[in-house]
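**Student:** Return a 3D structure for these sequence lines:
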Amino acid sequence: ELHKKFPNFWAKAKNDFDIAFASYIPTAVPSPGIRQEFVRGHMPALCALMDGESVQQIEQALRDKTEVPIALLQLVMEAHSGATLYRSEGVAMRYRVFVQNINKRIAELEWHDFDQSEIK
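**Tutor:** Residues are numbered from 1 along each chain as shown. Here you go, the predicted model:
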């Protein structure tokens with residue numbers, strides 16, 4: 001909780017601490033259980049770097065084997081530590097965002113009245 005007690009210092013040191021902590025996180029987490037234990041054991045440090053409630057919701061979605069909300073994952077992955085911790089989920093998220101954007105563009109094109117000669 002020192003980051004709350006000394007906000008001016010933390011504003012200057014947060015990025016360096018985040019980079020150092022990200023290097024401490026195993027880049028290839030062997031199992032979801034190990035990642036969950038790592039998150040549980042390091043939650044105070046993670047909360048200093050990112051939104052702890054978002055981390056808990058992501059972990060709950062992963063435990064339940066449901067889709068992780070994109071907005072939460074993007075928020076957490078803004079931190080170096082979050083990007084390292086949820087690297088594989090980030091890859092899946094970027095794919096989901098790509099597919100959503102393509103579907104949106106296709107839907108937008110359907111409202112245009114193209115002539116048959118224009119689409120061939």
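
**Student:** quick one: low-confidence ranges for the protein?
**Tutor:** Low-confidence segments of the chain (pLDDT under 70): 28-30, 114, 119-120.

**Student:** Could you find the residue nearest the spatial middle of it?
**Tutor:** Among the residues of the chain, the smallest C-alpha distance to the mean C-alpha position (C-alpha atoms, centre = their mean) belongs to residue 73, namely 2.7 Å.

**Student:** what does stretch 73-90 contact?
**Tutor:** Residues external to stretch 73-90 that are found in contact with it (C-beta atoms under 8 Å, 6 or more residues apart in numbering): 18-19, 21-22, 25, 27, 29, 35, 38-39, 46, 49-51, 54-55, 58, 62, 68, 93. No exception for glycine: its C-beta is placed from N, CA and C like everyone else's.

**Student:** Quick check: buried residues in that stretch?
**Tutor:** Of the residues in stretch 73-90, those buried by neighbour count under the rule 16 or more other C-beta atoms under 10 Å are 73, 75-77, 79-86, 89-90.

**Student:** cool, and stretch 56-68?
**Tutor:** Of all the residues in stretch 56-68, those buried under the rule 16+ other C-beta under 10 Å are 56, 57, 58, 59, 61, 62, 68.

**Student:** Identify those among the residues you listed that sit within helices.
**Tutor:** Counting by DSSP state H, the members of the buried residues of stretch 56-68 that fall within helices are 56, 57, 58, 59, 61, 62.

**Student:** gap between the longest helix along the chain and the chain center?
**Tutor:** Selection of the longest helix in the chain by residue count, based on DSSP H, yields helix 87-110. Remark: helix 87-110 is offset 15 Å from the chain centroid, using C-alpha atoms, centre = their mean, to the nearest Å.

**Student:** got it, and stretch 21-37?
**Tutor:** The gap between the average C-alpha position of stretch 21-37 and the chain average comes to 14 Å, counting by C-alpha atoms, centre = their mean.
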